[in-house]
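In: Task: produce atomic coordinates for the following.
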Amino acid sequence: MKSKCLEVDGISKHYHLPKGVIHALEEVTFHVHEREFISIIGPSGCGKSTLLKIIAGLDKPTKGQVRLKGEIISRPHPRISMVFQSFALFPWRTVLQNIEFGLETRGVPKRVRRKIAERLAETVGLKGCEYCYPRELSGGMKQRVSIARALAIDPEVVLLDEAFSAVDEFTAQVLRSEVIELWEETEKTFILVTHNLAEAIEMADKILVLTSRPAKLKHMVTVNLKRPRSRHRPEFVKLQRELFELLKEELEKTIIRHKLKSIYSQEKIDDIEM
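Out: Predicted structure coming up:
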């Protein structure tokens, strides 16, 4: 039986702004087992990426805790790495130097970190591009560098924030297959935030569905489909339709709230004009 790797316990996040308080997350609770692949979906702007940053230790919750094997995460953790939508590469560093960055900050000797970077560059399909700079790479190649950099520090948990949305669909499909292979080979825990329902089903063991803001955990869906998963199979299409309906409910709630707010504002204007 797999043991718990990551626990997200009652996470809330409120932003205090001059014009009021924005409630981004409200009492989000779930746990992830070792070697699981989890996807997080939800309406646009509901706080998915905020939740991922809190898990990464890059942002602090207003309330609640994230624990990695019992240890509270309050800052960036050496056993958690993150792959960003925007690649976040250093333009003045080569492919190898970008991959080495996390190892360099930890004081790993140059010869050791270079060996690790060379091995990972080959693993993610960048052999022959080791001394290229980001400006010389395609979007897909840049994201491969980001993935290799995330794996270089040998984390227990790899977080992917819309990691495939900045590239074309063909490249995204190739990257998805490669990430699944890496997940199977490394046996690490992966958590993916995505707006793409088919992508979530294709990759994840479980899918967490968040509500509209303030985001709460609406539903957890277990994906019992054998890999590799075809998007054309009836059971895949059925699950995609179910997820769409769950999100559609949240979108409709948001639209209704906006309409009610608009009606309320108009009534106030009418009262003033009378």
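In: mind giving me the domain split of the chain?
Out: Listed by automatic domain parsing, the domain ranges of the chain are 4-79+156-232, 91-154.
In: and those as CSV, adding mean pLDDT, distance to K248 and mean neighbour count?
Out: Where C-beta positions appear, they are placed from N, C-alpha and C, glycine not excepted. Converted to CSV, the domains of the chain look like this (pLDDT from 0 to 100; distance: least, C-beta to C-beta, whole Å; neighbours: other C-beta atoms under 10 Å):
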stretch, mean pLDDT, distance to K248, mean neighbour count
domain 4-79+156-232, 93, 10, 18
domain 91-154, 94, 30, 18
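In: could you dump these to CSV with distance to E252?
Out: Below are those laid out as CSV (distance: least, C-beta to C-beta, whole Å):
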stretch, distance to E252
domain 4-79+156-232, 9
domain 91-154, 34
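In: Those: which one's closest to E250?
Out: domain 4-79+156-232 (4.4 Å; C-beta to C-beta).
In: related to what we said a few turns ago, among the domains of the chain, which is nearest L247?
Out: Set against L247 and scored by C-beta to C-beta, the domains of the chain come closest in domain 4-79+156-232, at 6.2 Å.
In: can you give me the end-to-end distance of that closest one?
Out: Taking C-alpha to C-alpha, to the nearest Å, domain 4-79+156-232 runs 33 Å from one end to the other.
In: now stretch 30-38
Out: Stretch 30-38 has its terminal residues 11 Å apart, counting by C-alpha to C-alpha.
In: Stretch 66-86 now?
Out: End to end - C-alpha to C-alpha - stretch 66-86 spans 25 Å.
In: So what touches it?
Out: Contacts to stretch 66-86, defined as C-beta atoms under 8 Å, 6 or more residues apart in numbering, come from residues 4-9, 11, 52, 54-58, 60, 65, 102, 106, 143, 146-147, 149-151, 153, 155-163, 165-166.
In: Can you show me the strands along the stretch 1-150 of the chain?
Out: Remark: strands assigned in the stretch 1-150 of the chain by DSSP state E, counting those that start in this stretch are 4-17, 20-33, 37-41, 63-68, 71-72, 80-83.
In: give me the beta-bridge partners of L160?
Out: Note on L160: beta-bridge partners by DSSP bridges are V83, L192.
In: Surely it and I191 touch.
Out: Yes - counting by C-beta atoms under 8 Å, L160 touches I191, with 7.1 Å between them.
In: Need the overlap of contacts for those two.
Out: In terms of C-beta under 8 Å, 6+ apart, L160 and I191 are not both contacted by any residue.
In: Distance-wise, check T50 relative to M220.
Out: Separation of T50 from M220 (C-beta to C-beta, to the nearest Å) stands at 19 Å.
In: scratch that, K48
Out: 15 Å.
In: Please apply the same query to I38.
Out: Taken as C-beta to C-beta, the span from I38 to M220 is 9 Å.
In: list residues touching both of the two?
Out: Common neighbours of I38 and M220 are listed as K206, I207, L208 (criterion: C-beta under 8 Å, 6+ apart).
In: With respect to V174, which of these is nearest?
Out: Using C-beta to C-beta, I207 comes nearest to V174 of these, at 22.0 Å.
In: quick one: that closest one and G42 touch, right?
Out: No - I207 lies out of contact with G42 (C-beta under 8 Å); the separation is 10.4 Å.
In: Find residues that contact each of those two.
Out: By C-beta under 8 Å, 6+ apart, no residue touches both I207 and G42.
In: and F190, what does it touch?
Out: Contacts of F190 (C-beta under 8 Å, 6+ apart): E36, F37, I38, V157, V158, L159, L160, V179, W183, M203.
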